[in-house]
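> got a predicted model here, sequence first, then my questions.
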Amino acid sequence: METEVSPRSLNPLRNKILHADIRFGSIEDGGRYEGEASQNSCLSQDSTPPEDAAAQERAAEMQMWWDEAIAKNMNLPDGYQKVAVLLIKWADQLDELKTRDEALELDAVFRKEFHFHTEIVELNVSSKPQHQMNRHLSAFVEKHDGPNNLLIVYYTGHGVYREDGKFLELTGSINPTVKKGFNNDARANWDKAEEALRSEYVEGDVLTILDTCYSSNLQKSGKEDTRTFELLSACAFDSTTASPGENSFTRALIDALKELLQEFEDRSFTTFHLNQRILLNPNRRDTPSQLWFRLKHHERHIRLAPLKPEKERARKPSLRHPPKGYLTLRFALRDESLNREQIEYLTRNLSKAFNNKALVGLRRIDWLGLKPARTTHFGRAALAMFAIAQWKKFVKKRREEMRQNRRVDEINIPVEDVSMEETLHRTESTTSSPTRKRSREDVDEMPGAKRELLVTPQFQGSPPSPPVSDSS
């Protein structure tokens, strides 16, 4: 028995005032949803602590600086050599949500503003939509794939997550009142179709954009880390999203692309910045978009920028053949992050080191992320002990310097400025123990055995006899 899902355009609570008394009795740890963050790496700023979001933004900036600097210093392509966009929707007679207008507007932005190659395909029921979806994706990859290319696949329409099969199903209609005739057959398995994009034979980067309900309910990612495959999802796990209109994800996506295009001008921005801008849209606060890595996690995001004219792109060398090996080096750095000047210095000197690229066949140097050094409890304790020891050593040295300076000052005081008593006293002090300046009171308080040494022997017993006068 199939469970019917009400269309996302219907909201029975619209224009209602809810009075709720919500209380928590306890909080318990729950199990992870299959395909959750343990398998995919979610980068949604909505659920990320502020300090983590700032670190992610810093990482995105460092990647942009690196890519720009390495392209300039090593005469490599700056950005992608080619970007192709495939927009998928249902035929108008099957499309319950009426997505045509927004899909056409998004197509115009990619084609006219970014100069990307765009294609729009409409799924129908003349044959199985699953076969149509598979065929369109396979042909798109075959035609536009390349080691320095980007493939963007966008879908808009209904979506239902099938718990029994654990897959996302794309449908033209889910409203039982209009489910007549061929509308029942307007459905396709997205997880199956996506295999063409996740294949190990694909060389280029891939960005999928899904404006549909339950678009984050996907199976675990692949293991490949030699390219970037990201998913920009309209909503989170087990969530729905708004229909076409001012509150829709596609509307916010179009506005964000236009804003970032003006802000960055001819420079590139990352998918992190794109998702961040969508999240800031006040119409999308209740349904935050999500950014996912669909392959092995690293910090490298896809970069978007208007393509330069084809003649200008032809002057730059392109990667006609895919790399056959990847050399991974780890640089131990002093700082947790790098600024733009430090990155420029690194890329400039790396370009000098690999100036004779034909010798080693260097194709490019990709930024995969900068991670903080791992510090154990023992390591932190050892570091603290070392710091304390260094501080004690510094304090002892400073005390010795202060004592030496004090002794020099006392010895160099002019004689006319000091009385005889003070001179004797300072002389005694300089010849005494270097660890303590002895005073007159200290001498008076010394034990009797030591004070006896100061008495002349002939004066012991009775006082001395008076002098005898010479009288004849």
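Alright, I've got the coordinates. Numbers count the residues shown, from 1 in each chain.

> in this protein, which spans are helices?
Taking DSSP state H as the criterion, the chain carries its helices at 50-74, 100-108, 129-144, 190-198, 249-264, 271-279, 310-315, 340-353, 357-360, 377-411, 420-431, 440-444, 448-451.

> for the second one, which positions count as buried?
Translated: helix 100-108. Residues 100, 102-103, 106-107 are the ones in helix 100-108 that count as buried (16 or more other CB atoms under 10 Å). For every residue, glycine as well, the C-beta is placed using N, CA and C.

> wait, doesn't D92 sit right on T99?
No: contact status for D92 versus T99: not in contact, 9.2 Å apart, counting by CB atoms under 8 Å.

> quick one: end-to-end distance for stretch 202-216.
Distances were taken as CA to CA, to the nearest Å; on that basis the terminal residues of stretch 202-216 are 23 Å apart.

> now do stretch 92-102
With CA to CA as the measure, the ends of stretch 92-102 fall 13 Å from one another.

> same question for stretch 108-123.
20 Å.

> now do the buried residues in it.
Of the residues in stretch 108-123, those with enough neighbours to count as buried (16+ other CB under 10 Å) are 109-110, 114, 116, 118-119, 121-123.

> circling back: with neighbour numbers in mind, choose between D92 and T99.
Residue environment comparison for D92 versus T99 gives the larger neighbour count to T99, 24 against 12, counting by other CB atoms under 10 Å.

> quick one, what contacts that one?
For T99, the residues meeting the contact criterion (CB atoms under 8 Å, 6 or more residues apart in numbering) are 89-90, 156-157, 211, 244, 250.

> try 10 Å
Residues near T99 by CB atoms under 10 Å, 6 or more residues apart in numbering: 87, 89-90, 92, 106, 155-158, 211-212, 243-244, 248, 250.

> end to end on stretch 189-205, go ahead and measure it.
For stretch 189-205, the end-to-end distance is 22 Å (CA to CA).

> what's the burial count for R58?
R58 has 14 nearby residues by other CB under 10 Å.

> any idea how far the closest residue in space to it that isn't next to it in sequence lies from I343?
Spatially, and ignoring its direct neighbours in sequence, R58 is nearest to S337 (5.8 Å; CB to CB, 6 or more residues apart in numbering). From S337 over to I343 the distance is 10 Å, taken as CB to CB, to the nearest Å.

> quick revisit: and of the buried residues of stretch 108-123, the nearest to M64?
Comparing those against M64 with CB to CB places F114 closest, at 16.8 Å.

> any stretches of the stretch 1-150 of the chain with poor pLDDT?
Per-residue confidence for the stretch 1-150 of the chain (pLDDT under 70) gives these ranges: 1-53, 56, 63, 65-66, 70-78.

> same question for the stretch 201-350 of the chain.
Low-confidence segments of the stretch 201-350 of the chain (pLDDT under 70): 219-225, 296-299, 311-323, 326-327.

> mind listing the strands for it?
205-211, 229-233, 269-270, 290-293, 303-304 (DSSP state E, counting those that start in this stretch).

> which other helices and strands contact the first one?
Other elements packing on strand 205-211 under the criterion 3 or more CB pairs under 10 Å, 6 or more residues apart in numbering; DSSP states H and E are strand 82-90, helix 100-108, strand 149-156, helix 190-198, strand 229-233, helix 249-264, helix 271-279.

> can I get the ones you listed in a markdown table with distance to K392?
Below are those laid out as a markdown table (distance: least, CB to CB, whole Å):
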| stretch | distance to K392 |
| --- | --- |
| strand 82-90 | 61 |
| helix 100-108 | 66 |
| strand 149-156 | 58 |
| helix 190-198 | 58 |
| strand 229-233 | 52 |
| helix 249-264 | 52 |
| helix 271-279 | 46 |
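
> and the closest residue to E263 other than its chain neighbours, how many neighbours?
In space, not counting the residues next to it along the chain, E263 is nearest to F269; the distance is 7.8 Å by CB to CB, 6+ apart. When counting by other CB under 10 Å, one arrives at 21 neighbours for F269.

> beta partners of F269?
L304 (DSSP bridges).

> contacts only, for it.
By CB under 10 Å, 6+ apart, the contact set of F269 is 60, 64, 256-257, 260-261, 263, 276-277, 301, 303-305.

> out of the residues you listed, which is most surrounded?
H301 (26 neighbours).

> quick check on that one: phi, psi?
Here is the backbone geometry of H301 (degrees, to the nearest 10): phi -100, psi 160.
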